[in-house]
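K.L.:
next input, structure requested:
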Amino acid sequence: MGTAGASTDEIAGERRQLINVAYRLLGSLAESEDAVQEAYARWYALPRNRQEAILSPGAWLTTVTGRICLDVLGSARARRERYVGAWLPDPLPDHAERDHGHATDLADQMILDESVTMAFLVVLESMTPAERVAFVLHDVFRYPFAEIARVLSRTPAACKQLAASARRRVRAARAPKTVTAGGQADAVRQVKEAWESKDIVALVDLLDPDAVMTADGGGMVGSALRPIEGGARIAQYMVAIADKAPGLELLERSVNGMPGLVAQRAGTVMTVASFAVTDGRVTRIWAVRNPEKLRPWGRDA
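P.N.:
Next up is the predicted model:
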């Protein structure tokens, strides 16, 4: 059956799915929106008879979005080599804890699950573009390898191998023991309290000795250009930040679907921090400070 009966609303209704796919592939809301808009532009540029010959407009749009994202991922590596400091994915606010505006409209459409946690997205960043596309489309969105093959211009068997390779990366990076959302919330709350009171001893106790903190300022605001390694060094750094920023307010907020912290000053969000917790101790902190990545958080997070 063709698309003769497919209305403009039905075609537009695919947008949420496409945004979810693109964000997991790119880690950037702005780039995701650009990719989806380009896919729609290509759809509407098709002659009517070509549109009607496409059995599934949604599958066609996903394939085109996937190809566009693949191209973006290929060029992103070179761009990120020029990026000042570490590059981190855009942090996502919870639907109930967001500013109103266009950038947030995209965040509102995001399905918050394990595949958008900062820990998961950072692992995706370690994959090759082809691995990432194969893995996200198959393991997260359950697309068959026959369809993924059309995105990657490879055989289904080759796509299956790419997904398997990506899966091994995920397993290798995954913490040996998981923590419940409640357990993570408790750990984050304790970090907040120790940070607010500038209690280095308490912070060191809450941080794993081998913890790593990565900050993304994008060269636009002050931040550590290299990851800070070791619980004691991170604790000292956090207290130094608190000393230099009087009036900084810490708020417990959902970040990419997991308990995190938002630091704001005079009502403006300055930092959004995500955490990985194992056995009650923080093992990773990802602090996004680049103002361009904080637009969905607006004011008064």
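K.L.:
going forward, measure contacts and count neighbours with C-alpha atoms only.
P.N.:
Fine.
K.L.:
where in the stretch 151-300 of the chain is pLDDT low?
P.N.:
175-179, 299-300 (pLDDT under 70).
K.L.:
residue ranges of the strands in the chain, please?
P.N.:
Counting by DSSP state E, one finds strands in the chain at the ranges 207-216, 228-229, 249-255, 258-265, 268-278, 281-288.
K.L.:
can you give me the distance of the residue of the chain positioned farthest from its centre to Leu55?
P.N.:
Of all residues in the chain, Asn49 has its C-alpha farthest from the mean position, at 38.0 Å, by Cα atoms, centre = their mean. To Leu55, Asn49 is 12 Å away according to Cα to Cα, to the nearest Å.
K.L.:
and the closest residue to Val277 other than its chain neighbours, what does it touch?
P.N.:
Closest residue to Val277 apart from its sequence neighbours, by Cα to Cα, 6 or more residues apart in numbering: Thr283 at 5.6 Å. Contact partners of Thr283, counting by Cα atoms under 8 Å, 6 or more residues apart in numbering, are Leu207, Asp208, Asp210, Ala211, Val212, Phe275, Ala276, Val277.
K.L.:
widest-spaced pair of those residues?
P.N.:
Farthest-apart pair in the contacts of Thr283 is Asp210 and Phe275; separation 14.0 Å (Cα to Cα).
K.L.:
spit out the contact partners of Arg67.
P.N.:
So Arg67 contacts Val151, Leu152 (Cα under 8 Å, 6+ apart).
K.L.:
pLDDT score for it?
P.N.:
Reported pLDDT at Arg67 in the predicted model: 98.
K.L.:
before we move on, what about Gln37?
P.N.:
Value listed for Gln37 in the pLDDT field: 97.
K.L.:
next: the one 10 residues further on.
P.N.:
Turning to Pro47, the model gives it a pLDDT of 95.
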